[in-house]
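In: Fold the stuff below for me.
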Amino acid sequence: MRRALLKANEEVGKLLLERHSLQIKQKSDMFDLVTDMDLRSQEMLRDAYARILPEAAFLGEEDMSDTPAPGQLYWLVDPIDGTKNFVHDLQLSCIATALCQDGEALLACVYNPWNGEFYFAEKGKGATLNGEPIHVSSRSFQDSMAAIGQGYGERHETVQRLKPLWEHCFVHCRGIRAFGTAELSLCYVAAGRLDGYIEQAIMPWDYLPGNLIIREAGGVATNWKGELPSPTGMDSLLVGTPDFHQTMLPLCKNLQASCGF
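Out: Residues are numbered from 1 along each chain as shown. This next block holds a predicted model:
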């Protein structure tokens, strides 16, 4: 399965590496973008995954119309995670896929075509980067590097929700980063490059693949309540090394009510 998924992702990656005159549209607001390449990539993945596993349903970020039956396997796909990065040619975007059943990710892969990194995990079998095992870091909280997402919704409200967490990490950690792609941020935690990632509102296609990869790499992934994130709707997210997660969870719990879900 890993080789078949890698081949499919590499084919789509070739398309993304070509510079195009993008057709860019807004979705929910001016900050939420979709391009024609998101749609083309998604259809290529739909066709490729149908050949790999014909019995599985397909749910893509840009088309969630398929409805898996109870117990049916289904692909959950973000054809370009980091669309704004893609629009600006920052070369920090990825293709993210999870094979799920009844809301649980059983297998996941994340592919960055700009550097050829392919993260893969299967439930109970560990996580790999380009075929080599990866594990979260053993750094202390004060030596950790954290990443924080941008959330959804009204931006002034998002700033107020994230400000206490940002301040705590800024004061007590080694540094803070914001990469503009949740899935790559999650994979960087799994690979030990980052030590934690915090997001106040995120959708399943933006975190289910990376969450499985993190857990299989020895990390912890919950929402701000300390529970498993919702596999079907928007939720908060706190992931990291056991030390990072344990340190930040009380602060997140105090702020959870402000998320509105």
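In: so how many other residues sit close to residue 211?
Out: Here the count is done by other CB atoms under 10 Å, and residue 211 has 28 residues near it. In this view, the C-beta of every residue, glycine as well, is placed from N, C-alpha and C.
In: Oh, that last question was meant for residue 13, not what I typed.
Out: A count of nearby residues for residue 13, using other CB under 10 Å, gives 19.
In: same question, the one 3 residues further on
Out: When neighbours are defined as other CB under 10 Å, residue 16 has 23 of them.
In: Could you double-check that it sits in contact with residue 41?
Out: Yes. Shown here, residue 16 and residue 41 form a contact pair, counting by CB atoms under 8 Å, at 6.6 Å.
In: Now for these two: what residues contact both?
Out: Applying CB atoms under 8 Å, 6 or more residues apart in numbering, one finds that residue 16 and residue 41 are jointly contacted by 80, 95.
In: Sketch out the low-pLDDT regions of the stretch 51-200 of the chain for me.
Out: 64, 152-153 (pLDDT under 70).
In: tell me the helices in it, going along the chain?
Out: 83-87, 155-172, 182-190 (DSSP state H, counting those that start in this stretch).
In: could the ones you listed be laid out in CSV, adding distance to residue 112 and mean neighbour count?
Out: As requested, the helices of the stretch 51-200 of the chain are arranged in CSV below (distance: least, CB to CB, whole Å; neighbours: other CB atoms under 10 Å):
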stretch, distance to residue 112, mean neighbour count
helix 83-87, 11, 20
helix 155-172, 24, 15
helix 182-190, 6, 29
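In: Which pLDDT value belongs to residue 33?
Out: The predicted local distance difference test score for residue 33 is 64.
In: What distance do you get for the residue nearest to the spatial centre of the chain to residue 163?
Out: Computing the C-alpha centroid of the chain and ranking residues by CA atoms, centre = their mean puts residue 183 first, at 2.6 Å. Note on residue 183: its distance to residue 163, by CB to CB, to the nearest Å, is 24 Å.
In: count of neighbours near residue 55?
Out: 8.
In: Nearest residue to it in space, please, no chain neighbours.
Out: Distances taken as CB to CB, 6 or more residues apart in numbering put residue 73 closest to residue 55, at 6.6 Å, once the chain neighbours are dropped.
In: wait, doesn't that neighbour sit right on residue 58?
Out: No. With contacts counted by CB under 8 Å, residue 73 stays clear of residue 58, the gap being 10.3 Å.
In: Which one of these two is surrounded by more residues?
Out: Higher neighbour count among residue 73 and residue 58: residue 58, with 20 against 16, using other CB under 10 Å.
In: my guess is the more buried one contacts residue 77, does it?
Out: Yes. Using CB under 8 Å, residue 58 is in contact with residue 77, at 7.1 Å.
In: What are the structural domain limits within this structure?
Out: As assigned by automatic domain parsing, the chain contains the domains 2-133, 141-259.
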